[in-house]
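Undergrad: Need coordinates for the below:
(one chain, ligands or ions: 1)
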Amino acid sequence: MIEENPSNFCIICGNERSEGIRIVNEFICESCEIEMVKTEVQDAKYPFFIHQLKRIWLRKNA
Ligand SMILES: [Zn+2]
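TA: Sure, this is the predicted structure:
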């Protein structure tokens, strides 16, 4: 689901973006979403994305 909201701050890069996706109540900007989709498990960036996503789930389950 893609929503437009001018006050969205991306949880991955921390930038404010109008375009992106929401996972639970957290926002991921379009460019980070594209990066994540492109990133393979072997990629050095992959653990970083997983780490950022885990923060969402940990916060929601706390
Ligand atoms: Zn981002």
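Undergrad: buried sites along the helix or strand hosting M36?
TA: Assigned by DSSP states H and E, M36 belongs to helix 30-38. Neighbour counts using 16 or more other CB atoms under 10 Å place C32, E33, E35, M36 of helix 30-38 among the buried residues. Where C-beta positions appear, they are placed from N, C-alpha and C, glycine not excepted.
Undergrad: ok, and what's touching the longest helix anywhere in the chain?
TA: In the chain, with assignment by DSSP state H, the single longest helix is helix 46-61. Helix 46-61 is contacted by residues I11, I12, I23, V24, N25, E26, E35, M36, T39, E40 when judged by CB atoms under 8 Å, 6 or more residues apart in numbering.
Undergrad: Restrict it to CA atoms and write it as PDB.
TA: Extracted C-alpha coordinates of helix 46-61, given in PDB (Å, rounded to 0.1, in the frame of the first residue of the first chain):
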ATOM      1  CA  TYR A  46      21.200  -6.400   4.200                       C
ATOM      2  CA  PRO A  47      21.900  -6.700   7.900                       C
ATOM      3  CA  PHE A  48      21.400  -3.000   8.300                       C
ATOM      4  CA  PHE A  49      18.000  -3.200   6.800                       C
ATOM      5  CA  ILE A  50      17.000  -6.100   8.900                       C
ATOM      6  CA  HIS A  51      18.300  -4.300  12.000                       C
ATOM      7  CA  GLN A  52      16.100  -1.300  11.200                       C
ATOM      8  CA  LEU A  53      13.100  -3.500  10.500                       C
ATOM      9  CA  LYS A  54      13.600  -5.400  13.800                       C
ATOM     10  CA  ARG A  55      13.400  -2.100  15.700                       C
ATOM     11  CA  ILE A  56       9.900  -1.800  14.400                       C
ATOM     12  CA  TRP A  57       8.800  -5.200  15.500                       C
ATOM     13  CA  LEU A  58      10.600  -4.900  18.900                       C
ATOM     14  CA  ARG A  59       8.900  -1.600  19.500                       C
ATOM     15  CA  LYS A  60       5.500  -3.000  18.500                       C
ATOM     16  CA  ASN A  61       5.900  -6.100  20.700                       C
END
